[in-house]
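**Student:** no sequence on this one, just coordinates:
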C-alpha cells in the first residue's frame, strides 16, 4: 500500500535482488495484486512457508472479509431459498447476481486467502458458466460458486468434476438437464471432454461424444417447488440403459447413474486430462509457454496424487518451476480483472462498495461470471493485448476518485513522496506498487513526468500513480 | 535503501525487452486464445510492407461472426426438401402459406418469418444467401472450428498459423488511405480473424474513446505512455500507438448525434448499435477497411424456438439490424461489402431437448457492392439421409471461395495467395 511503503515498514528490496527474487515473483503470481504488506509477510515466512500457508486457506483467519460479506444475504442460500427471499418477480435474480459479483470483487481485494482466490478464478474459467444468461442461471451460478468451485478448488479433481457434473447451473447451462434417452443432447458431453478434461486433441471421437451423452441421459435437476429445487437428480425413466462404449471401454447395460460416474472416473484419471490441466495451470500462474519439463512434472504430480489439486498447485508454484520457466523474464499479461483489482490492492484504495469496480470491469470486458461461451475468459496475449485504453482510463479514474465506492486515501497520496528526494520519486512509486520490479525505462518515464511538473502536490501524485499503473511494467503478471 | 542502480542491471532489463520482442511471433502463436499447439511454427510476418496512404479507397468489409453456429435450416428454410420435415418433426419452419410458414424466396427456400426484414435487401438484389456453405474442417468443436476458419487453415487443423485471414488480407494490400485505423472490432477482444492485423483495434464503443485523467497533464502522460509502449512487446506496442493515434479521429465523429439516412431505424440492441456505428464510421470517410463484430449466442441445443423462442428473437434482431444498415447505406452500396457466417451449421435431426447439436454445412449472408443478390447460391445436397455428412448438411461451398470473391470482386486489390495459403479458389458468382 502506498502509505505503508513510506518509511521503516517498506521492505528493503534492492534492484538486483528484485530481478530474480522468487518471493517477489511468487507474491505477484499468487495474489490478486502486490502489496508491500503481503510482500513483507512472505519475506519473513520464506518462499515455501508463505506458499504453504496460502495452500491451506482454511487455517487462515478471514473474519474481516467475512464481516464485509455478511451483508450479501443471498450468498449462503440454496436455489429454493433464493427463489423465496429474492423472487424473480421483484428482480431478485439481478440482486443475487450483483451480490455474487460484488462478493467476488471484495474477496479478490480483501481476502487474506489470496492464492485461494486466484485458484477460484482459474476453476471458474475452466468450468465456466454464463452467470447472467438467464434468471435461473443467476441464481444457480451463486450456488455453483459456493458448492462446486469454492468447495473443491484445492480438493481432488474427480470431486470437482463430479460436483460440476451435478451442479444445477452446469446442468442447465450446458443442457444436460434435458438430455434424454433416444435423442440425446450432446452439449455437455462434448464440452466435458473438450473443455473440462481431455481437450479437443485428447483422443476422443464424435462417436464418443454421442456415447458419453447417452451415459449421462437422465442426469437432471429437481424442479421448482421443493426445498431441493435445482439440485441434482438421476431420472432412471429418461436414462438410456443399453450398453455403450466410451474411449474403447465397454459400459454394460443396466448401469443407471453409474454409467455417468464411470465416464467421470475415466476422464478424471486420463493422462491427457492431467497433461492438459497441468499446462493450463502453468500458463495461468507462470507464463504463456511454460517449459515442457515443468508441465510434465506438474502432470506427473497430478497423476501420482490421484488429482490432488493442492499438491498439483504446490508443484506449479515451486522454485524449480520458476527457474525452468525463468518467470523473471516472462511477459505474461495480467487480465483486466487482475490488473484493476491489483491496482486497488497495491494503492491501498479502500472499497466501500464493489459496484463501481464491477462497472469498470465491465468496461474492460472482464466482469466476473459474464463470459457466455463454455471455454471461459481467454488467458492469452493476443486476446487481451490490444485493448489498452480501458486499462489506462481505469487507472486515471481510480486515482482521481472517479470509481464509485473505491477511494484512494488522501493521506497516503500526500505522504507518498514525503522525505523522498525529488529524483527518487519514481523509484519510490515503483517500490510501493510492484516491489521494485518495473523496467528501468518505465521508471525513467515516470521520473521525467514528475520532473516536468511545476510542483508535486496531491493531484500530481494522483496522476503519477495513474501513469505508473498505465505503463507496460504494471501490466505483467 | 539501495536506490541507485548499477548500469549492468539496466542492460539486463534492455536485453529482457529485446528478447521478448523477438519472442513475440512465437509467443503469439501459442498465446492467442491459448488453443494452438505444436512446436514447429512457420513465422507469419507481414508479407508485404506498404507506405501509409499509398493505396486507393476501397469499400469497407463488414464482417459479422455469428458465434455458436446459427441454424441455417431454420433461417433460410429448404421447405421444398421433404427431408426437413422428417428430421425435424417439432422444429421445422413450415412451407409458405402454412401457419407461421416461411416467406418464400425462390420456390424452394424461404425465410424464417422472424427474419422477414431481410426481404428488403434481398428483393432489391443486394443480399445473397449461400447455403450448404462452411468449412472443410470436419471438427464439431466450436473453438477448433473457429480457430481454423479464422486463421484460414481448415485443410490443416494442426497448423500453428497465428494470423487471421483478414489480417493477412490487410497485410497484403496497401492502406486504403491515410487514416490511423484500418480495422476495428466492436468488441472487448480482438477476434482471431484479425490477429496480427496492422493498424487494428478492438473498440467496444467507438463513440466513447478518450484518454481519461486531468487535461493539464494529458500531453505529458500521453508522451510517457507512447514512449514506454514503444519499447515493449507486440501486440501491446502497436496497440498503444494505434490507440493514441485513433483517439482524435474517432472523437471527431458524432456517434451520439448520428442520424441514419432514408428513415432507417436500427434496433435498440447491441447489434443495432454496432451496425449504426458501422454506418457512421463508413460515412465519416476515415479510410476504415474492416469493421468486424462478434455476435455470440447462436448455440441453441435446447428450446431453440425458431418461431417464438430464443432463435426467433435473435433472428429478428439480426434481420432488423441488417435491414436498417442496408437502408441507411442505400445508394452507397459501393462503399461496403458485408458478410455474416458461423463456424459451422447445426445437425439436421433435432435432439430430445427441442434443440439441435453441432453440425456442418450452414448459411452465409453477403450484402453490398457487386453482390449478386436476390438468390440462394450454392449446390443443395438435399437432406436425404444418404446425402448427409454423418447426420449433417454436407459442405458444398467452401467459405473461403465466398470470401475470395468478396475480397477480389467486392473489395479489390488483395493477394489471395497470402489470404488463404495454398487454397485454389472455385468461382461461384456470388460477388462478381
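**Tutor:** Looks like it came in fine. Just so you know, these numbers come straight off a predicted model, no measurement behind them.

**Student:** ok, now which ones touch residue A:451?
**Tutor:** Taking Cβ atoms under 8 Å, 6 or more residues apart in numbering or on different chains, we find residue A:451 in contact with A:422, A:423. Heads up, the C-betas are built off the backbone N, CA and C, glycines and all.

**Student:** give me the phi and psi angles of it.
**Tutor:** Per-residue torsions, residue A:451: phi -60, psi -30 (degrees, to the nearest 10).

**Student:** for it, give its distance to residue A:214.
**Tutor:** 70 Å (Cβ to Cβ, to the nearest Å).

**Student:** identify the residue nearest the one residue in the stretch 151-300 of chain B that gets nearest to chain A in space, chain neighbours excluded?
**Tutor:** Proximity of the stretch 151-300 of chain B to chain A (Cβ to the nearest Cβ) peaks at residue B:188, 2.5 Å away. Excluding the flanking residues, the one nearest residue B:188 by Cβ to Cβ, 6 or more residues apart in numbering or on different chains is residue A:365, at 2.5 Å.

**Student:** around chain B, which positions in the stretch 251-400 of chain A sit nearby?
**Tutor:** A:280, A:283, A:288-289, A:329, A:331, A:333, A:363-366, A:372-373, A:375, A:378-389, A:392-393, A:396-397, A:400 (Cβ under 8 Å from any Cβ of the partner chain).

**Student:** those residues in strands, which ones?
**Tutor:** Among those, none falls in strands (DSSP state E).

**Student:** end to end, how far does stretch A:430-440 reach?
**Tutor:** Counting by Cα to Cα, to the nearest Å, you get 10 Å between the two ends of stretch A:430-440.

**Student:** and it, anywhere near chain B?
**Tutor:** Yes. Contact of stretch A:430-440 with chain B (Cβ under 8 Å from any Cβ) involves A:439, A:440.

**Student:** check the offset of that stretch from the chain's centre.
**Tutor:** 24 Å (Cα atoms, centre = their mean, to the nearest Å).

**Student:** report the mean confidence score over that stretch.
**Tutor:** The average of the pLDDT scores along stretch A:430-440 is 96.

**Student:** buried stuff in it?
**Tutor:** Using 16 or more other Cβ atoms under 10 Å in any protein chain shown as the test for burial, stretch A:430-440 gives A:430, A:431, A:432, A:433, A:434, A:435, A:436, A:437, A:438, A:439, A:440.

**Student:** what's around the closest residue in space to residue A:116 that isn't next to it in sequence, how many residues?
**Tutor:** Distances taken as Cβ to Cβ, 6+ apart place residue A:57 nearest to residue A:116, at 3.9 Å, with adjacent residues excluded. Residue crowding around residue A:57 was assessed by other Cβ atoms under 10 Å in any protein chain shown; the count is 21.

**Student:** residue A:57 touches residue A:113, doesn't it?
**Tutor:** Yes. With contact defined as Cβ atoms under 8 Å, residue A:57 counts as touching residue A:113 (3.8 Å).

**Student:** tell me where the model's unsure across the stretch 101-250 of chain A.
**Tutor:** The model of the stretch 101-250 of chain A has no residue with pLDDT under 70.

**Student:** can you name the residue of it nearest chain B?
**Tutor:** Chain B sits closest to residue A:183 of the stretch 101-250 of chain A, with a gap of 3.3 Å, by Cβ to the nearest Cβ.

**Student:** ok, the stretch 201-350 of chain A next?
**Tutor:** Counting by Cβ to the nearest Cβ, the stretch 201-350 of chain A gets nearest chain B through residue A:288, at 4.3 Å.

**Student:** what's around that residue, how many residues?
**Tutor:** Residue A:288: 24 neighbours (other Cβ under 10 Å).

**Student:** just residue A:167 next, same as before
**Tutor:** With other Cβ under 10 Å as criterion, residue A:167 counts 26.

**Student:** related to what we said a few turns ago, residue contacts, the residue of the stretch 151-300 of chain B closest to chain A?
**Tutor:** A:364, A:365, A:366, A:387, B:202, B:204.

**Student:** for residue B:320, state which of those residues is nearest.
**Tutor:** Checking these against residue B:320 by Cβ to Cβ gives residue B:204 as the nearest, at 21.1 Å.

**Student:** nearest residue to residue B:227 in space, please, no chain neighbours.
**Tutor:** Going by Cβ to Cβ, 6+ apart, residue B:227 has residue A:445 as its nearest residue, at 5.7 Å.

**Student:** okay, and for chain B, where does confidence drop off?
**Tutor:** Low-confidence segments of chain B (pLDDT under 70): B:1-56.
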